[in-house]
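Peer 1: Let's see this in three dimensions:
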Amino acid sequence: MGNNFFSTNKKLGILGGGQLGKMMLPCAQAWDIYTKILDADKDAPCKSFCNEFVLGNLQDFDTVYQFGQDCDLITIEIEKVNVEALKKLKSEGKIVHPNPNSLEIIQDKGLQKMFYKTNNIPTADFIIFENKTAVLNAIENKLIKIPFVQKTRKDGYDGRGVCVVNAESDLVNLLEGPCLVEDKVEISIELAIIAARNEQGEIAVYEPVSMEFHDGANMLDLLLYPAPIEKNITEKAQQIAKELITQFDICGLLAVEFLIDKENNIFVNEVAPRAHNSGHQTIESSFTSQYQQHLRAILNLPLGSTKTIMPSAMVNILGADGHTGNVYYEGMTECLHEEGIFIHIYGKKITKPFRKMGHATIVNQNLNEAKNKALWVRQILQAKSH
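Peer 2: The predicted structure follows:
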């Protein structure tokens with residue numbers, strides 16, 4: 001497969017035209033791979049960087065099915081796509097990564113949690129509910145107790161679809177619709193690992209990253225790579241990531257998020273079968289970026305080295321609170337005066353409070369120095385509206 005892509009007019013189709021796709025495209029261009037993108041936003045970040053752009057609904061069966069007709073290989077940069085269309089394309093001989101059956105499980109957090117239980121993957125205890133009323137009834141009947149975390153089964157991302165209940169007063173924030181409620185883990189640290197696997201079954205895993213989240217938006221706020229944790233936790237998390245990517249039968253990337261409690265017990269939080277926010281720093285910090293690694297894996301090529309060139313810290317550039325409209329970036333000049341700061345602007349024209357507008361990776365031989373400079377960048381670099 002891989003060799004053919006370098007010598008013919010074969011076409012790589014990517015469902016989703018957001019920032020993850022945009023960062024994948026330079027890797028495809030470096031190898032002269034023809035790319036075709038489908039997205040519902042006429043101003044999608046990928047639009048100006050791919051060979052072919054199709055405007056359309058990622059969740060519409062006919063749109064996704066027709067999009068895939070002239071593609072030799074189809075992949076995703078977002079999970080929220082029509083799986084039935086991907087199943088049909090695969091049944092007709094198209095190569096589709098990730099595996100549509102596994103993608104269908106991952107799209108539903110309830111099915112995802114049941115998958116962990118079935119495959120003896122450590123995860124927080126949970127109960128599945130049809131709606132908010134059922135959750136309230138379960139509390140009244142003492143089937144669940146506060147504190148807990150409620151998650152909608154579908155369509156949650158970037159902090160959306162999650163409700164943390166620490167006290168009875170938080171119950172007014174419960175989410176509607178099918179959901180799961182899981183025990184709240186007393187978290188010591190949150191980690192993520194990017195795993196990669198090709199069709200031959202070769203697996204490569206990166207070092208774990210530690211993650212801190214924005215209190216208000218529940219979004220990734222600061223990442224340290226490699227995570228400053230004990231070696232045995234690193235090894236255990238990497239082993240679980242290898243097991244999961246094999247059990248899901250995924251070719252490409254699988255980002256695995258972990259919760260570590262006060263006793264160093266490890267729990268899988270959730271997964272994403274694509275490039276991930278927790279792997280952006282690999283562009284500057286690793287011998288192989290997660291984006292090139294994804295291409296290597298889906299093309300069934302040898303996987304690249306996951307060794308770290310230099311430690312790093314990463315911060316998301318979020319839309320400033322109170323700003324909605326045409327974006328401008330305050331603080332760019334100050335940041336560009338400094339050594340070791342790499343800024344990625346995603347190309348979204350409109351900023352909104354806490355919208356991911358870009359990220360900055362800071363590399364330094366000393367992880368604490370990288371962290372301190374990252375915290376400075378987070379304060380100085382602001383996405384605001386005119």
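
Peer 1: can you map out the helices along the stretch 151-300 of the chain?
Peer 2: With DSSP state H, counting those that start in this stretch as the criterion, the stretch 151-300 of the chain has helices at 231-247, 282-285, 290-298.

Peer 1: Tell me which of these sits nearest to Ser312.
Peer 2: Among those, the nearest to Ser312 by Cβ to Cβ is helix 282-285 (4.0 Å). No exception for glycine: its C-beta is placed from N, CA and C like everyone else's.

Peer 1: List of residues touching that closest one?
Peer 2: Contact with helix 282-285 is made by 23, 194, 206, 225, 288-291, 293, 308-312, 342, 344, 361, 363, as judged by Cβ atoms under 8 Å, 6 or more residues apart in numbering.

Peer 1: out of these, which are buried?
Peer 2: Burial by neighbour count, 16 or more other Cβ atoms under 10 Å: within the contacts of helix 282-285 this picks out 23, 194, 206, 225, 288-291, 293, 308, 310-312, 342, 344, 361, 363.

Peer 1: Let me see the contact set for Met211.
Peer 2: Listed by Cβ under 8 Å, 6+ apart, the contact set of Met211 reads Glu190, Leu191, Ala192, Leu220, Leu222, Leu223, Glu257, Ser278.

Peer 1: Look up how far Val377 lies from the closest residue in space to Ile380 that isn't next to it in sequence.
Peer 2: For Ile380, ignoring the flanking residues on the chain, the nearest one in space by Cβ to Cβ, 6 or more residues apart in numbering is Gly331 at 4.0 Å. Using Cβ to Cβ, to the nearest Å, Gly331 is found at 8 Å from Val377.

Peer 1: more neighbours, the two?
Peer 2: Val377 (23 against 18; other Cβ atoms under 10 Å).

Peer 1: ok, that one to Gly319 distance?
Peer 2: 16 Å.

Peer 1: what's the answer for Leu381, then?
Peer 2: 12 Å.

Peer 1: before we move on, back to that, of the helices of the stretch 151-300 of the chain, which approaches Pro273 most closely?
Peer 2: helix 231-247 (8.7 Å).

Peer 1: returning to what we had before: may I ask which two of the contacts of Met211 are separated the most?
Peer 2: Going by Cβ to Cβ, the pair spanning the contacts of Met211 furthest: Leu222 and Glu257, at 15.0 Å.

Peer 1: which residues touch the residue lying closest to Gly56 once chain neighbours are set aside?
Peer 2: The shortest distance from Gly56 to any non-neighbouring residue, by Cβ to Cβ, 6+ apart, is to Thr63 (4.1 Å). By Cβ under 8 Å, 6+ apart, the contact set of Thr63 is Leu38, Gly56, Asn57, Asn82, Ala85.

Peer 1: Quickly list what the closest residue to Met211 other than its chain neighbours is bridged to.
Peer 2: Among residues not flanking Met211 along the chain, Glu190 sits closest, at 4.6 Å (Cβ to Cβ, 6+ apart). Beta-bridge partners for Glu190, by DSSP bridges, are Met211, Leu259.

Peer 1: likewise Gly252?
Peer 2: Arg197.

Peer 1: how about it, what does it touch?
Peer 2: Thr75, His97, Pro98, Ala196, Arg197, Pro273, Arg274, His294, Ala297, Ile298.

Peer 1: now swap in Ala241 and tell me
Peer 2: Contacts of Ala241 (Cβ under 8 Å, 6+ apart): Ile193, Ala195, Val205, Leu254, Val256.

Peer 1: and the gap between it and Ala255?
Peer 2: Taking Cβ to Cβ, one finds Ala241 at 9 Å from Ala255.

Peer 1: what's the answer for Arg355, then?
Peer 2: With Cβ to Cβ as the criterion, Arg355 and Ala255 are 20 Å apart.

Peer 1: Please apply the same query to Tyr206.
Peer 2: Distance from Tyr206 to Ala255, by Cβ to Cβ: 10 Å.

Peer 1: and for those two, which residues touch both?
Peer 2: Ile193, Ile194, Ala195, Gly279.

Peer 1: hang on, the earlier thing: okay, the contacts of Thr63 in CSV with distance to Gly13 next?
Peer 2: Below are the contacts of Thr63 laid out as CSV (distance: Cβ to Cβ, whole Å):
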residue, distance to Gly13
Leu38, 7
Gly56, 12
Asn57, 15
Asn82, 13
Ala85, 12
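
Peer 1: and which of the residues you listed is nearest to Ile266?
Peer 2: Checking the contacts of Thr63 one by one against Ile266 (Cβ to Cβ), the nearest turns out to be Asn82, at 34.0 Å.

Peer 1: For the closest residue to that closest one other than its chain neighbours, list the residues it contacts.
Peer 2: Nearest residue to Asn82, sequence neighbours excluded (Cβ to Cβ, 6+ apart): Val64, at 4.5 Å. Neighbouring residues of Val64 by Cβ under 8 Å, 6+ apart: Leu15, Leu38, Gly56, Leu58, Val81, Asn82, Ala85, Leu86, Leu89.

Peer 1: swap the cut-off to 10 Å and go again
Peer 2: 13, 15, 38, 56-58, 74, 81-86, 88-89 (Cβ atoms under 10 Å, 6 or more residues apart in numbering).

Peer 1: got it, and Lys87?
Peer 2: Applying Cβ under 10 Å, 6+ apart, the residues near Lys87 are Val96, Asn99, Pro100, Asn101, Leu103, Glu104.
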